[in-house]
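Novice: this one's structure only:
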């Protein structure tokens, strides 16, 4: 009798373990197919843009923008992984994604992407039509232009920088239902920033990208030409970031004190871009990538604090 009881306990424990692992796998795959970390960073940019443009914060709009932005980016990423499923299987960093690993079917991923697209555009439309329009443009360019061009030409980074720059200015448009010099400036900041950011990634993942046939670096190589262009775009990012301090950008204004902070942060990124030129190493590229992420995040925080504190 005692032996029978022990024998019965094992299947129950095993069943619970399998159920737990299955649930964890489903949640993990959902996060992976929508790239939740990237989505959160995009939502952060959108919310920063909204706070810069709004006169009085409407928390309902803030929540709608957060969800709409998440669905928008999640849809783009899901479509991207459907299109690149065969190439993802060739690269170490992507071969364990849900579709190439066989844990999720293309049909399931397509349903997720389609639902996210509809929800994203609908939610953004409830804020205002212009916000929905830019959100739809972002999904279209990322999926139909940037993704297929990645295996054709280094200009893919230029094309991809357009949808990548939309979130920051999208927040302003959500707040004002207007596109002018202010959201245009926010777009320009994040547009130029993406070149050193993605070229740094393209540098330290060069060998892995080569397996999938992706052309991410401007010269196609880890050479001085790529490093010089990275420095140039980093400097342009820095210069565009302090333009609001000179009063040329309408309601988007930055006090001299905050402009100095942004300038110093930018010099930090320029330093790491120069280090990439000097060292030409994977480690230097990773440091530049981390510096670029820190820069855009801190810049947005400084911009928002500057508005509400002054």
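Specialist: Alright, I've got the coordinates. Quick caveat, the model's predicted, so the values are computed rather than measured.
Novice: so where is the chain shaky, pLDDT-wise?
Specialist: Applying pLDDT under 70 to the chain flags residues 1-24.
Novice: mind listing the helices for it?
Specialist: Assignment of helices within the chain using DSSP state H yields the ranges 2-33, 36-53, 59-83, 85-88, 106-127, 129-141, 147-149, 156-176, 181-204, 206-212, 224-241, 256-279, 282-309.
Novice: just so I know, which of those lies nearest residue 250?
Specialist: helix 181-204 (4.8 Å; C-beta to C-beta). Glycine gets a C-beta too; all of them are placed from N, C-alpha and C.
Novice: relative to helix 224-241, how tilted is the closest one?
Specialist: Counting by axes from the mean of the first three to the mean of the last three C-alpha atoms, to 10 degrees, helix 181-204 lies at 160 degrees to helix 224-241.
Novice: picking up where we left off before, so which of the helices of the chain is nearest residue 100?
Specialist: helix 85-88 (4.5 Å).
Novice: what about the closest one, distance to the chain center?
Specialist: 20 Å (C-alpha atoms, centre = their mean, to the nearest Å).
Novice: Spit out the contact partners of the residue nearest the centre of the chain.
Specialist: Residue closest to the average C-alpha location in the chain (C-alpha atoms, centre = their mean): residue 38, at 4.6 Å. Contacts for residue 38 were tallied using C-beta atoms under 8 Å, 6 or more residues apart in numbering; they are 73, 77.
Novice: distance of it from residue 70?
Specialist: Residue 38 sits 10 Å away from residue 70, taking C-beta to C-beta, to the nearest Å as the criterion.
Novice: ditto for residue 139
Specialist: Taking C-beta to C-beta, one finds residue 139 at 13 Å from residue 70.
Novice: which neighbours do these two share?
Specialist: With C-beta under 8 Å, 6+ apart, residue 139 and residue 70 have common neighbours residue 120.
Novice: you'd agree residue 87 is up against residue 210?
Specialist: No - contact criterion C-beta atoms under 8 Å: residue 87 and residue 210 do not qualify, at 11.3 Å.
Novice: So which of these two has more stuff around it?
Specialist: Using other C-beta atoms under 10 Å as the criterion, residue 87 and residue 210 rank with residue 87 on top: 17 against 14.
Novice: Give the burial count for residue 48, as a bare number.
Specialist: With other C-beta under 10 Å as criterion, residue 48 counts 22.
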